[in-house]
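Student: fold the following, please.
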Amino acid sequence: MGCARATRYTREALCSIDGVQLLTTAPVLREFSIRTPIAPEKLIERLVEDGYLAGVPIRAGFEGTAYDGGLLVAATERRTRGEIDGFAAAFEKAVR
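Tutor: Numbering: from 1, shown residues only. All right, here's what the predicted structure looks like:
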């Protein structure tokens, strides 16, 4: 799976989870930003427990913008659909 395809697949998988919203519809290659139903720091903490690196919280320099409190997620061509599906399942469990 190529980088753009892996990113698109990851974005679609995460945005299908209740409460997860895409913060921009701009074309992406590796990274995309989302809003999650729980604080990004809490989500990162929960996913680390399952062995996943969730992404990077968007804070510094974005205070008061639509991105403040979002999460920057990246995907690369090194991830298989199975790995992305596992990440999405853990992500869904973590936001509950």
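Student: strands of this protein, start to end?
Tutor: For the chain, applying DSSP state E gives strands covering 21-22, 31-35, 56-57, 71-74.
Student: how about the second one: buried residues?
Tutor: When burial is assessed from 16 or more other C-beta atoms under 10 Å, strand 31-35 yields the following buried residues: 32, 33, 34, 35. The way it works is simple: take the backbone N, C-alpha and C, and place the C-beta from them, glycine included.
Student: tell me which strands it pairs with, and in which orientation.
Tutor: Strand 31-35 pairs in its sheet with strand 21-22 (antiparallel), strand 71-74 (antiparallel), by DSSP bridges.
Student: how about JSON lines for the buried residues of strand 31-35, with pLDDT added?
Tutor: JSON lines is the format used below for those (pLDDT from 0 to 100):
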{"residue": "32", "pLDDT": "95"}
{"residue": "33", "pLDDT": "95"}
{"residue": "34", "pLDDT": "96"}
{"residue": "35", "pLDDT": "95"}
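Student: possible to save these as CSV with distance to residue 81?
Tutor: As requested, the buried residues of strand 31-35 are arranged in CSV below (distance: C-beta to C-beta, whole Å):
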residue, distance to residue 81
32, 17
33, 22
34, 19
35, 25
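Student: for these, work out which two are farthest apart.
Tutor: Spatial extent of the buried residues of strand 31-35 (C-beta to C-beta) is set by the pair 32 and 35 at 11.5 Å.
Student: overlap in contacts of those two?
Tutor: Counting by C-beta atoms under 8 Å, 6 or more residues apart in numbering, the shared contacts of residue 32 and residue 35 are residue 23.
Student: quick check: which of the strands of the chain is nearest to residue 45?
Tutor: Of the strands of the chain, nearest to residue 45 by C-beta to C-beta is strand 56-57, at 10.8 Å.
Student: pLDDT below threshold where in this protein?
Tutor: Within the chain, not a single segment meets pLDDT under 70.
Student: what ranges do the helices span in it?
Tutor: 3-15, 40-49, 81-94 (DSSP state H).
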